[in-house]
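>>> Kindly return the folded structure for what I paste below:
(3 chains)
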Amino acid sequence: MPHRWGMVIDLDRCTGCEACVAACHAENNIPLSTPEEAAKGRATHWIRVDRYYEGEFPDVRVRYMPVLCQHCDDAPCEPVCPVYATYQNPEGLNVQVYNRCVGTRYCGNNCPYSVRFFNWFEPKWPEPLQLQHNPDVAVRMGGVMEKCTFCLQRIQRAKRDAKDEGRAVADGEVQPACVQSCPAEAMVFGDLNDPESKVSRMAKSGRGTRLLEDLGTKPKVIYLQRVK
Amino acid sequence: MYLMAEFADKDSAAAAIEGLKTRGLTAGDLDVFSTEPVEFAPGVLDRPSRMSLVAVAGAATVGVGAVGFVYYTQHSYNLITGGMPTFSFWATGVVFYELAMLGAIAATFLWLLHEGGFLRRDRNAPVPVVEPGSICLRVRCDADLAETGTRLYEAGAVRVEKLK
Amino acid sequence: MAAAVTIPSDRIRADLWRPLSGAGSWYVAAVVVTGLLVAWGLFAWGYQIHTGIGVVGKRRPVMWSFYITNFVFWIGISHAGTLISAILRLTHAGWRRPVTRAAEAITVFALMIGGLFPLIHLGRVGIFYYLIPYPNERMLWPNFRSPLVWDLTAIFTYITGSVIYLYLPLLPDLADLARHSTGPHRTIYRLLSLGWTGSDREWHALERAQKLMAGMILAVAVSVHTVVSWDFAMAVAPMWHSTIFGPYFVTGAIFSGIAALIVVMAIIRRGMHLEAYLEPVHFDNLAKLLLLMCLLWAYFTTAENLTVWYGNEPSEMVVFGERVRGTYAPLFWAMVILNFVVPFVLLGIRRLRTIHTAVISAVGVLVGMWLERFLIVVPTLARPRLPAAWGTYSPTWVEVSITVATFAAMALLYLIFSKLVPIIAVWEYKHVSDG
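Numbers count the residues shown, from 1 in each chain, chains lettered A, B, ... in the order given. Here you go, the predicted model:
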């Protein structure tokens, strides 16, 4: 049975600390930005925490929602790429092929979650931060799109280790950087095709919703929240 | 042998052509040269054309070829995008339409080159230099040159010359 | 038609050939100015390629802006030739004759310029050839399901068809020019005229081909701008995913095309002293067509905005509000005034409809249609579905330079063209048999 990777994020546990954002930056060689570029809106955050305020003072509630690539089954970003730089791999991941991307940016426009980022310039890291690069992850070039990959490098490593040891990938063995670093343990990652896995069981929860579900994109990130 | 007769208006030219046809000459022996298109009444000097058919044939060929090409390329490297089927006629229908039109356009242009005689020019046939406003009739006849010439003058030719 | 009777035949050719020789001081100045602007635009593009596309104002979420606006705008302008030549030819409108070649030239040049913009807007221009289907080692082909590849085939077909459509009626004129030239000019003109002799076989084949091409180029033109509109309509972004985009864009294209034609014709009328050939009746007819397209454009715009507003769908209403009341409101209302109010008043009231007011309306329409393209692209991208991703946009000198350079390039191409062949087809002008 092939894997089908999915993620559950419990919004009732999320504190908005953004440890996931920092971990993702460290793991995935995300290009740094300058204050001017960030003010223009060009900072790259493969996972970001959206913050919404509800109500008027003194009854204000703040809601946090980590938004990352939803790896949709019917991804709107995929058919519009003219060069097949993004497509769905057999394990359900929406993969971005950096070498193929010519930079038309149509996929970025068509993503309703706005989770795709473009390298407007050649990514640069001020000394000595380039020494901190993760060797398992490609450093992108200028002019290509990038987005969350569900830490494909960690998935590959787990599958390799499991194959070397002659066993199946265990539930919880694959932990993307964001899932691993969440102090509130709000994020769970695993194989949706395995009915016994934690992510499958949590996905069936009555508190489960998907973001912008009515668009029919069939995202594989399930958000849990108490519906008031 | 070629005779060149110059006429001042298309009616006299038409009369001359009719006269020549009664003497056994065909449309293939006649050529009318002018600086603007001259329209005779139907039946005087008809040039049947297959251009519309060729255009449709071009469209059909290239269109069907495009369908086959897209089918082959989508299957040769099967990548799933957005849940769409591997070969989707409607998602790629625009490509078929545009390429079919391209086929029609190219076929029309190439057939024009053929039908207008641009490709195979008879080097031996002399080309008269036509002044604006006059119509030159070039007749290819191998016998009865004097007789043909007289008839042309009777029809209203301003000038008749023997070329080559 | 009346002019063909009053101007003697040999004077027609003399008048229409006079601009081909010599160059007045205005002409030289125009070439120098447009040449410098084009050079500056090329420099800006080179700078962009060297430094990275980040030198433009685009950002997340507004990943498309000026370049796509210009792309759609210029492809729209290219519908000038198609309307005049094809539709008026098919309807046997005789007044089109002095206007057809000028219009077809606009089409070809606008397509050349518009077709350049998908390259300018690419992140990695050097590998643009990934978009072209060619056999390669990995047997990887472009994604024919993508609207951008549809664009590629549509524009390629259209530009091929338009060049052929411009070229065909040039054959008799090129042969005539060859006969009256000397030296290298004679050889080139002779070569380009394909040895045209003026025989009836050639005339018949030419006329048949032109009739067929008129119909085919019309079918292609409608499809081209529909396909360009589907770059937006096929996306699920708010206020883009609208079924009206196909006809809306085609109407807008013909609208801006006629406006461009009026402007170009007014310039060549004055610049090449063709007052006897491009008469007030031609401008009057084109002005009436412009008025018609203005009304059609207003109809489509009303239909689109009314249905969005009435439907009250939240993500669409945000974009709608930005366009009508918010950040982009000054541009939106300027567009409405330039595209509807000004042409409606100046061209709808018969006493006000003169060559001058036609040109003023046309210039206004060109600006208004550019704004319309901009307002389609940017507000939707600036207000995506998730409010956390909302953004703004402001252009930089690079995009503005390249935009200005394309207008200069159009003018420059036209200036060069007008020196190579007569801008009015001599044989077509003299030939009035089909009214």
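>>> residues touching the residue lying closest to C:Leu278 once chain neighbours are set aside, list them.
Leaving aside its chain neighbours, C:Leu278 sits nearest to C:Arg269 (4.3 Å; criterion: CB to CB, 6 or more residues apart in numbering or on different chains). (Glycine included, C-beta is placed from N, CA and C.) By CB atoms under 8 Å, 6 or more residues apart in numbering or on different chains, C:Arg269 lies in contact with C:Glu275, C:Tyr277, C:Leu278.
>>> hang on, C:Arg269 in a strand?
No: per DSSP: H, G, I helix; E, B strand; the rest coil, C:Arg269 lies outside any strand segment and is helix.
>>> just checking, what packs against whichever strand or helix holds C:Leu148?
Element membership for C:Leu148 (DSSP states H and E) is helix C:147-167. Contacts defined by 3 or more CB pairs under 8 Å, 6 or more residues apart in numbering or on different chains; DSSP states H and E place helix C:147-167 against helix B:93-115, helix C:79-81, helix C:100-120, helix C:200-233.
>>> Sort out which residues of that helix are buried, please.
C:147-166 (16 or more other CB atoms under 10 Å in any protein chain shown).
>>> May I see the buried residues of the least confident helix or strand in chain A by mean pLDDT?
None of the helices or strands of chain A scores lower by mean pLDDT, DSSP states H and E than helix A:35-40, at a mean of 90. In terms of neighbour count (16+ other CB under 10 Å), helix A:35-40 has its buried residues at A:Glu37, A:Lys40.
>>> what's in contact with it?
Residues from elsewhere that reach helix A:35-40 (CB under 8 Å, 6+ apart): A:Ala43, A:Trp120, C:Gly54, C:Gly57, C:Arg59.
>>> Mind checking the pLDDT average for the longest helix along chain A?
In terms of residue count, the longest helix belonging to chain A (DSSP state H) is helix A:152-164. Helix A:152-164 shows a mean pLDDT of 96.
>>> And it, how far out from the chain middle?
Relative to the chain's own centre, helix A:152-164 is displaced by 18 Å; criterion: CA atoms, centre = their mean, to the nearest Å.
>>> try stretch B:1-11
That offset, for stretch B:1-11, works out to 21 Å (CA atoms, centre = their mean).
>>> Report how far apart the opening and closing residues of it are.
25 Å (CA to CA, to the nearest Å).
>>> Output the least confident helix or strand of chain A as PDB - backbone C-alpha positions only.
Output of helix A:35-40 as PDB, limited to C-alpha atoms (Å, rounded to 0.1, in the frame of the first residue of the first chain):
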ATOM      1  CA  PRO A  35      13.800  44.700   5.900                       C
ATOM      2  CA  GLU A  36      13.100  46.500   2.600                       C
ATOM      3  CA  GLU A  37      12.200  43.400   0.700                       C
ATOM      4  CA  ALA A  38      10.100  42.100   3.600                       C
ATOM      5  CA  ALA A  39       8.200  45.300   3.700                       C
ATOM      6  CA  LYS A  40       7.500  44.900   0.000                       C
END
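>>> Return the set of buried residues in the helix or strand following it.
Note on helix A:35-40: by DSSP H and E, the next helix or strand toward the C-terminus is strand A:48-54. In terms of neighbour count (16+ other CB under 10 Å), strand A:48-54 has its buried residues at A:Arg48, A:Val49, A:Asp50.
>>> Settle this for me: the first one is touching A:Pro66, isn't it.
By that I understand A:Arg48. Yes: with contact defined as CB atoms under 8 Å, A:Arg48 reaches A:Pro66; the gap is 7.2 Å.
>>> who in chain A is up against chain B?
A:72-79, A:81, A:84, A:86-88, A:218 (CB under 8 Å from any CB of the partner chain).
>>> Most widely separated two among these?
A:Tyr84 and A:Lys218 (20.3 Å; CB to CB).
>>> chain center to the least confident helix or strand of chain A, what's the gap?
Counting by CA atoms, centre = their mean, helix A:35-40 comes out at 23 Å from the chain centroid.
>>> hmm, back to that, export the contacts of helix A:35-40 to a markdown table and tack on neighbour count?
Shown next, in a markdown table, are those (neighbours: other CB atoms under 10 Å in any protein chain shown):
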| residue | neighbour count |
| --- | --- |
| A:Ala43 | 18 |
| A:Trp120 | 26 |
| C:Gly54 | 22 |
| C:Gly57 | 18 |
| C:Arg59 | 23 |
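>>> Output the residues you listed in CSV; the columns should cover pLDDT and distance to C:Val33.
Conversion of those to CSV gives the following (pLDDT from 0 to 100; distance: CB to CB, whole Å):
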residue, pLDDT, distance to C:Val33
A:Ala43, 92, 41
A:Trp120, 94, 32
C:Gly54, 92, 30
C:Gly57, 92, 26
C:Arg59, 92, 33
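>>> out of everything not next to it in sequence, what's closest to C:Val263?
C:Ala362 is the one closest to C:Val263 (CB to CB, 6+ apart), at 5.0 Å.
>>> For the spatially closest residue to C:Val342 that is not a sequence neighbour, give me its contacts.
Counting by CB to CB, 6+ apart, C:Gly364 is the residue found nearest to C:Val342 once chain neighbours are left out, at 4.8 Å. Neighbouring residues of C:Gly364 by CB under 8 Å, 6+ apart: C:Leu338, C:Asn339, C:Val342, C:Pro343.
>>> And those, which is closest to C:Phe300?
Distances from C:Phe300 to those, taken by CB to CB, are shortest for C:Asn339, at 10.9 Å.
>>> Now for that closest one, how many residues are close by?
28 (other CB atoms under 10 Å in any protein chain shown).
>>> quick one: the residue lying closest to it once chain neighbours are set aside and C:Met265, what's the gap?
Sequence neighbours aside, C:Gly368 is the residue nearest to C:Asn339 in space, at 3.8 Å (criterion: CB to CB, 6+ apart). Distance of C:Gly368 to C:Met265, computed by CB to CB, to the nearest Å: 19 Å.
>>> just A:Pro219 next, same as before
55 Å.
>>> Tell me which stretches of the chain form strands.
All of this refers to chain A. Using DSSP state E, the strands of chain A run over A:5-10, A:48-54, A:61-67, A:86-88, A:94-96, A:117-118, A:145-146, A:187-191, A:208-209, A:221-224.
>>> Sheet-wise, list the partners of the first one with their directions.
Looking at strand A:5-10 with DSSP bridges, its partner strands are strand A:187-191 (antiparallel), strand A:221-224 (parallel).
>>> which one of the ones you listed is the most hemmed in?
When the strands paired with strand A:5-10 are scored by mean count of other CB atoms under 10 Å in any protein chain shown, the highest mean neighbour count falls to strand A:187-191 (a mean of 25).
>>> So for that one, mean pLDDT?
Strand A:187-191 carries an average pLDDT of 96.
>>> circling back to that earlier point, quick check: buried residues in the longest helix of chain A?
Buried residues in helix A:152-164, counted by 16+ other CB under 10 Å: A:Leu152, A:Gln153, A:Arg154, A:Ile155, A:Ala158, A:Lys159.
>>> For chain B, state which of these is nearest.
Set against chain B, the nearest of these by CB to the nearest CB is A:Leu152 (16.6 Å).
>>> Which one's more surrounded, A:Tyr84 and A:Lys218?
A:Tyr84 (21 against 16).
>>> which residues touch that one?
A:Val97, A:Arg100, B:Tyr77, B:Leu79, B:Thr81, C:Leu140, C:Pro142, C:Asn143.
>>> So which of the residues you listed wins on neighbours?
Going by other CB under 10 Å, C:Asn143 tops those with 26 neighbours.
>>> Can you say which helix or strand has that one in it?
Here C:Asn143 is assigned to no helix or strand, by DSSP H and E.
>>> I figured it was touching A:Val97, is that so?
No: assessed by CB under 8 Å, C:Asn143 is found out of contact with A:Val97, at 12.0 Å.
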